[in-house]
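> Sequence plus predicted model, see below.
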Amino acid sequence: MTGLLGNHFVTQIGILVNDVEKVSAAYAAFFGLEQPEIIVTDTADLAQTRYNGEGTEARAKLAFFDMGSVQLELIEPDHQPSTWRDYLNEHGEGPHHIAFVIEGMQDKIMLLEGKGFALQQKGEYTGGRYAYMDTFKELKVLVELLENDKR
C-alpha cells in the first residue's frame, strides 16, 4: 500500500527556531557533529514563493543536519508572511513539518487538496520545488512535498 504520496519514507523533519545559529550549535554539540553552514533561501524572484495563494518576499535562514536516513532542517524565518513565520508566532519553536520526496508535484497537490488538505505554501529551490500541505488538524504537523529535478 503506497498511500497518498506514493511512499511513506520521511526524508526530513523541519523545526522552527528563533536563532538558527544558536540552535544549530546546540544540536552540533549534542550529537557531536560539525555545525553546518547557515544558508539563506533564495530571493523572491528565484524562489517564486506563494503563501496562501499570494506572492511573498519571505526568506529564511536554514541549517541542515544529515542524521542517517532523515535530514533535520532548522528554520529561522524572517518577518515576511510565510507558513514559517505564522506557525512560529502561533506555536512557538519546535516541529513544523515532516517531508517526503515525491514525483508529480502538481498531481500530488491536487490529490491532497481533493482530500481536504489545503496548499499552504510553495516555492522553488535550486534543484527542485517544495509545497507545504496543511495536514495539521489530522496529523498534528504539516507535510512538505519535495520534488527534485531529474539529473
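Arrived safely. Residues are numbered from 1 along each chain as shown.
> And the next helix or strand past the one helix or strand in the chain whose mean pLDDT sits lowest?
Within the chain, no helix or strand scores below helix 44-47, which has a mean of 93 by mean pLDDT, DSSP states H and E. Downstream of helix 44-47, the first helix or strand assigned by DSSP states H and E is strand 50-51.
> Tell me the strands beside that following strand, with direction?
Strands that pair with strand 50-51, judged by DSSP bridges, come out as strand 54-55 (antiparallel), strand 119-125 (antiparallel).
> Give me the contact list for that strand.
56, 58, 81-83, 120-123 (C-beta atoms under 8 Å, 6 or more residues apart in numbering). The way it works is simple: take the backbone N, C-alpha and C, and place the C-beta from them, glycine included.
> rewinding a little: which strands or helices does the least confident helix or strand of the chain pack on?
Judged by 3 or more C-beta pairs under 8 Å, 6 or more residues apart in numbering; DSSP states H and E, the packing partners of helix 44-47 are strand 119-125.
> buried stuff in the strand it packs on?
119-123 (16 or more other C-beta atoms under 10 Å).
> and which of these is nearest Leu111?
Using C-beta to C-beta, Leu119 comes nearest to Leu111 of the buried residues of strand 119-125, at 11.3 Å.
> does the closest one have beta-bridge partners, and which?
For Leu119, the beta-bridge partners are Met133 (DSSP bridges).
> Look up how far Val20 lies from it.
Distance of Leu119 to Val20, given as C-beta to C-beta, to the nearest Å: 26 Å.
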